[in-house]
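# sequence plus the predicted model coming up.
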Amino acid sequence: MAAEEAEPGSQPLAPLARYAGVTRERFLQEIYPLRKPAVLEGIDLGPCTAKWTVDYLSQAVGDKEVKVHVSPVPQMDFLSKNFVYRTLPFDVFVKRAAEAKHAEYFISEDEKYYLRSLGEDPRKDIADLRKQFPLLADDVWIPEYFEKEQLFSTVFRISSAGMQLWTHYDVMDNVLIQVTGKKRVVLYSPRDAPYLYLSGTKSEVLDVNRPDLKRYPLFAKARRYEAVLKAGEVLFIPALWFHNVTSEEFGVGVNVFWKHLPAECYDKTDTYGNKDLAAASRAAQILDRALKTLEELPEEYKDFYGRRMALRIQEKTYSTNYE
């Protein structure tokens, strides 16, 4: 296995392991227990890597309508919502996503497109490649690193070249199968959450390559992992690992999420795989009530008891078992 190397002039990168020809047994015995991201090479993903051209996808899916993100700039901002949602026939969408300049467009001739497949009713239904894109499902052979009953969703993704998604975490383990094109994925450990300026499951630091350290000074402490994911490669992303994804080329991929914890741990209303675990949500609600109660105290007492509470949380919850 080999580690990713930093580009000249970039910040130092922590090593991200690469493994070749990973069987189910090897994944479960050697890679999975480490709880760290890893790039998996040489896996037989089926005919999708050769077949999924723009023309093939257009013909296979046809004019099925899809809801897509459209952004006037490459870097999508979840805070200012600098993108819009639009509905297009799939064959029109995929051709636009593959173009650098557009003869027809919504915002500008160089706008970027991004598809994250959804269930028929996103409020109730989970993304399932076999249901939403049945003619494509048999083309991709999903690495079975989990039991069938653990499978949560199979998410179909298409991105314009240059499109960058914000840094976020998911509560389930997943593999990102890069079928065509190339992605650059920047990752941060769950332990670096205090440095990422979180808003829900997302980081407010949008530009991880040129961060505003005057506004986000603690971000400099976050340890950066990075992988360039080429066509035919697979990235294992353990639950809670933050990731920021840039499509360096027009590309097609499939995310596979699975429940690595008992099913009852997860929010039953979660169709995206990104709602915090049920116990975590309850704990956050209790903490909010506790903090509201502390507001009744004078400043010096609030400071004192707040620090005591923080120490108790640290003593009871912080683990030394992973980085």
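Great, that's in hand.

# which helix or which strand is home to the residue at minimal distance from the centre of the chain?
In the chain, the residue lying closest to the centroid (C-alpha atoms, centre = their mean) is H243, at 5.5 Å. H243 belongs to strand 242-247 when assigned by DSSP states H and E.

# rounded mean pLDDT for the helix or strand just after that strand, please.
Per DSSP H and E, the first helix or strand lying C-terminal to strand 242-247 is strand 251-258. Mean per-residue pLDDT for strand 251-258: 97.

# paired strands for strand 251-258, with orientation please.
In the sheet, strand 251-258 lines up against strand 151-159 (antiparallel), strand 173-180 (antiparallel) (DSSP bridges).

# okay, the angle between that strand and strand 242-247?
Angle of strand 251-258 versus strand 242-247, following axes from the mean of the first three to the mean of the last three C-alpha atoms, to 10 degrees, is 160 degrees.

# name the surrounding residues that touch strand 251-258.
52, 57, 129, 140, 142-143, 146, 150-159, 161, 170, 172-183, 231, 273 (C-beta atoms under 8 Å, 6 or more residues apart in numbering). All C-beta atoms are positioned from the backbone trio N, CA, C, and that covers glycine.

# rerun at 6 Å
52, 140, 142, 146, 150-159, 172-181, 273 (C-beta atoms under 6 Å, 6 or more residues apart in numbering).

# one more: stretch 55-70?
83-87, 89-91, 93-94, 106, 111, 113-115, 135-136.

# with stretch 127-143 instead?
Counting by C-beta under 6 Å, 6+ apart, 43, 45-48, 51, 60, 117-119, 153-156, 254, 256 sit against stretch 127-143.

# most neighbours among those, which one?
Highest neighbour count within the contacts of stretch 127-143, by other C-beta atoms under 10 Å: V254, with 26 neighbours.

# can you give me the helices in the stretch 1-150 of the chain?
24-26, 48-51, 54-61, 90-97, 129-132, 134-137 (DSSP state H, counting those that start in this stretch).

# name whatever forms a beta bridge with V245.
Here V245, judged by DSSP bridges, has bridge partners L165, V185.

# what score does it have for pLDDT?
96.

# now D267
Model confidence at D267 (pLDDT) stands at 93.

# number the chain from 50, please
Yep, numbering from 50; the last one is D316 now.

# tally up the residues packed near it, please.
By the criterion of other C-beta under 10 Å, D316 has 15 neighbours.

# ok, V143 next?
For V143, using other C-beta under 10 Å, the count is 25.

# per-residue confidence for it?
97.

# show me the contacts for it.
Counted by C-beta under 6 Å, 6+ apart, V143 has contacts V103, L106, S107.

# now it, nearest residue through space, not along the chain?
L106 (5.1 Å; C-beta to C-beta, 6 or more residues apart in numbering).

# and the pLDDT for the one you found?
Reading off the model, L106 has pLDDT 97.
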